[in-house]
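J.: Structural data only, the sequence is not supplied:
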Ligand code: ADP
Ligand code: ZN
């Protein structure tokens, strides 16, 4: 092993830097240590095992649940220049023998297998004879009965620890719940694993919620603005999938349906056409899921409200795996909430029903609350989002308006208060509009002061106000079978007029669907590069993203590299891809440049800027050195000791890192209580400099603490 991991990252994969956690996982595996890693989709998991597999002498066995994906995964690994192959039931005997031969000759870095192989004694016997450096278990939550994708096959993986004592095990999952995590570690028998949990934030995804009025037309308008982009539209039922996909097809969109009612062959063919960029849009039920390995999905739209945040997160997570901007749009209507509630009410098991209700409530909260969507989503996963403005959701970019609905809220709250918090939403809305119902007469609610105060609006309006109050936690439904509305501590201040109540409403002006700029690049050149990518992919019989990712093509269309050495500096161009595909793409750039001299010279840059140029190891970069220690979980004091630098210098570094956009966990450096106290002082004194806060603390607050708090406030 004489090449460093940084050197391999650059030479083989063509990347400048490790993503958060990648480096630590790679190091652990190089030291033959078990790993347990929770990483969201698109986090860059494959590199975590592929890189050490390339560096270590032995074989890395990758367990992957989907046979349909294996070929693409292996093709992608091969395109990068790794020695990879797979074994599964779809192969012929001859093919399989070829793989066994390669294994015996020690020609492979990576072997992809399905979990059921581990139940086959012959396979285990062969494996025993080989030098297996480590096992990488993909989608490890499939081993847990608590998870949403339990697969009995996975249970045989618990054999690995016993049978292959000297080999490390690395388990990967994108599932966030702690119960499942513990279960995975136990069932696989991981030995004091190196544990990483990446942030669930996906900064390249833009979240938007639009009121659903005429869904098919809304979808069509959206698609018309992005004629060449790939995306997924989720709908709840087979019928609605069929209906939307035939509507879109009739309008000339290249779309196909996907749901469990289609034959296996149809499903496979539709998915493959999507993977290979032969069609642009898949309209699907949530049955369309795990099998998507496509990295250039540019949008995911939800035509109906998902049942829970976990599902919504996994589905939207399929967008933008290449790290380039992608759009997540949810079309939301109260009617959907009601429909889902109707089904939930039919669940017999009480605990299950309650759980489903609270899951739905959290989803509605994201769609409705007057808070950054991203913050709300991360909150669901127990992660605190510290930036005030994420810049990539419709709330933060001001595409929705905040409207003062205090008076409406007071009318509703007053009705609830005067009926002793003993009634549900339907009855309360009846009271406010002054309906004449049997229950109203029975309880003499027509005698109340609030009876009919909201006559000027219809019942739907008042239901919406109630939903808004629920979503913002001013009311909570009781746990009864017929839930009644109860005040929380946030209700009274609104009722008494001490606090205003703001709600979100879509701005009237029909703004274009938000399109994030993927940086400045030439669309003309990008389109030609994309066509070339598709041509090469077809020739090789692989999906286009195996050749180059959208990110790589965007960068080429931005910097116009014309020499091989320049192309090599583009992210995602390693030595193998340069050798295989470089010349074809350089030809395109050169001829485009000739045909569009103005555009090319206008760009001016024509040179990959310094920050993009592959760095030789940046030992001198003191901030990065602090960053490495932060990633190992050290706090300010520990880092300052370790580096022999003052704590104030370290907190300075942390501030810089946050400014550079690194996602750090504030709790690692300062307790939440302390932060809250100091944030309070910032707000009260209305300053943003450190000294006034330190002074106000009267000797109890240090500069470092204030600096740290401020770093995580912006
Ligand atoms: P996951 O399996 O976690 O969903 P992948 O391993 O498919 O994610 O990686 C997602 C994308 O990120 C791929 O296009 C991959 O090439 C890219 N990627 C991974 N690591 C890096 C890195 N260090 N720098 C830049 N891009 C990376
Ligand atoms: Zn936001």
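T.: Received the coordinates, thanks. Treat the numbers as computed from the prediction; the structure is a model and nothing was measured. Ligands and ions are numbered 1, 2, ... in the order given.

J.: ok, whatever residue of the stretch 351-500 of the chain ends up closest to ligand 1 to ligand 2 distance?
T.: Residue of the stretch 351-500 of the chain nearest ligand 1, by C-beta to the nearest ligand atom: residue 381 (16.2 Å). Just so you know, the C-beta spots here come from the backbone N, C-alpha and C atoms, and that holds for glycine as well. Distance of residue 381 to ligand 2, given as C-beta to the ion, to the nearest Å: 16 Å.

J.: wouldn't that residue be in contact with residue 200 here?
T.: Yes - the criterion here is C-beta atoms under 8 Å, and residue 381 meets it with residue 200 at 4.7 Å.

J.: More neighbours: which of these two?
T.: residue 200 (22 against 17; other C-beta atoms under 10 Å).

J.: okay but residue 163 is in contact with residue 128, surely?
T.: Yes - with contact defined as C-beta under 8 Å, residue 163 counts as touching residue 128 (6.9 Å).

J.: Would you mind splitting the protein into its domains for me?
T.: With domains defined by automatic domain parsing, the chain comprises 5-197, 205-354, 402-506, 523-601, 619-712.

J.: ok now the third one, how far from the chain's centre?
T.: Chain-centre distance of domain 402-506: 36 Å, with C-alpha atoms, centre = their mean, to the nearest Å.

J.: and what of the first one?
T.: Computed by C-alpha atoms, centre = their mean, the separation of domain 5-197 from the middle of its chain amounts to 22 Å.

J.: And stretch 679-695, by the same measure?
T.: 35 Å.

J.: for the record, mean pLDDT for it?
T.: Averaged over stretch 679-695, pLDDT sits at 77.

J.: Quick check: residue 583 vs ligand 1, distance?
T.: Using C-beta to the nearest ligand atom, to the nearest Å, one obtains 22 Å as the distance from residue 583 to ligand 1.

J.: Name the helix or strand for that residue, please.
T.: In this assignment (DSSP states H and E), residue 583 forms part of helix 575-595.

J.: Could you give me the buried positions within that helix?
T.: Neighbour counts over helix 575-595 (16 or more other C-beta atoms under 10 Å) mark 575, 576, 577, 578, 581, 582, 585, 586, 588, 589, 592, 593 as buried.

J.: The closest residue to the last one other than its chain neighbours sits in which helix or strand?
T.: If the residues on either side of it in the chain are set aside, residue 593 comes closest to residue 600, at 4.4 Å by C-beta to C-beta, 6 or more residues apart in numbering. Taking DSSP H and E as the criterion, residue 600 maps to helix 597-603.

J.: If we go by neighbour counts, what in the helix or strand just after that helix is buried?
T.: For helix 597-603, the succeeding helix or strand toward the C-terminus, using DSSP H and E, is helix 622-631. For helix 622-631, burial by neighbour count (16+ other C-beta under 10 Å) applies to 623, 624, 625, 626, 627, 629, 630, 631.

J.: helices or strands up against helix 622-631?
T.: If you count contacts as 3 or more C-beta pairs under 8 Å, 6 or more residues apart in numbering; DSSP states H and E, helix 622-631 packs onto helix 22-30, helix 636-643, helix 647-659.

J.: If I average pLDDT within each of the ones you listed, which one is lowest?
T.: Looking at those, the bottom one is helix 647-659 with a mean of 83.

J.: and it, how far out from the chain's middle?
T.: Distance, centroid of helix 647-659 to centroid of chain: 27 Å (C-alpha atoms, centre = their mean).

J.: Distance of residue 539 relative to residue 546?
T.: From residue 539 across to residue 546, the span is 12 Å (C-beta to C-beta, to the nearest Å).

J.: just residue 296 next, same as before
T.: 11 Å.

J.: of all the buried residues of helix 575-595, which comes closest to residue 49?
T.: Set against residue 49, the nearest of the buried residues of helix 575-595 by C-beta to C-beta is residue 576 (18.0 Å).

J.: List the contacts of that closest one.
T.: Contact analysis of residue 576 by C-beta atoms under 8 Å, 6 or more residues apart in numbering lists 12, 79, 80, 81.

J.: For the closest residue to the last one other than its chain neighbours, give me the pLDDT.
T.: The one in question is residue 81. The spatially closest residue to residue 81, leaving aside those adjacent along the chain, is residue 576, at 3.0 Å (C-beta to C-beta, 6+ apart). With respect to pLDDT, residue 576 scores 93.

J.: what does residue 350 give?
T.: 87.

J.: again with the one 3 residues further on
T.: At residue 353, the model reports a pLDDT of 89.

J.: tally of neighbours for it?
T.: 15.

J.: And for residue 342?
T.: 9.

J.: What helix or strand is it located in?
T.: helix 334-345.

J.: From the contact counts, what lies against that helix?
T.: Using 3+ C-beta pairs under 8 Å, 6+ apart: helix 334-345 touches helix 350-368, helix 459-471.

J.: in it, what's buried?
T.: So helix 334-345, judged by 16+ other C-beta under 10 Å, has buried residues 334, 336, 337, 340, 344.

J.: With respect to residue 256, which of these is nearest?
T.: Ranked by distance to residue 256 (C-beta to C-beta), these are led by residue 336 at 24.3 Å.

J.: mind listing the strands for the stretch 401-550 of the chain?
T.: 475-477, 485-487, 502-506 (DSSP state E, counting those that start in this stretch).

J.: residues in contact with the first one?
T.: When contacts are taken as C-beta under 8 Å, 6+ apart, the neighbours of strand 475-477 outside the stretch itself are 357, 361, 413, 416, 424, 466, 469-470, 483-488, 491.

J.: could you flag which of these are buried?
T.: Buried by 16+ other C-beta under 10 Å: 357, 361, 413, 416, 466, 469, 470, 484, 485, 487, 491, out of the contacts of strand 475-477.

J.: among the residues you listed, which two are most distant?
T.: Going by C-beta to C-beta, the pair spanning the buried ones among the contacts of strand 475-477 furthest: 357 and 413, at 21.9 Å.

J.: Rebuild the contacts of residue 576 as a markdown table, extending it with secondary structure and distance to ligand 2.
T.: Shown next, in a markdown table, are the contacts of residue 576 (DSSP: H, G, I helix; E, B strand; the rest coil; distance: C-beta to the ion, whole Å):
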| residue | secondary structure | distance to ligand 2 |
| --- | --- | --- |
| 12 | helix | 36 |
| 79 | helix | 36 |
| 80 | helix | 35 |
| 81 | coil | 39 |
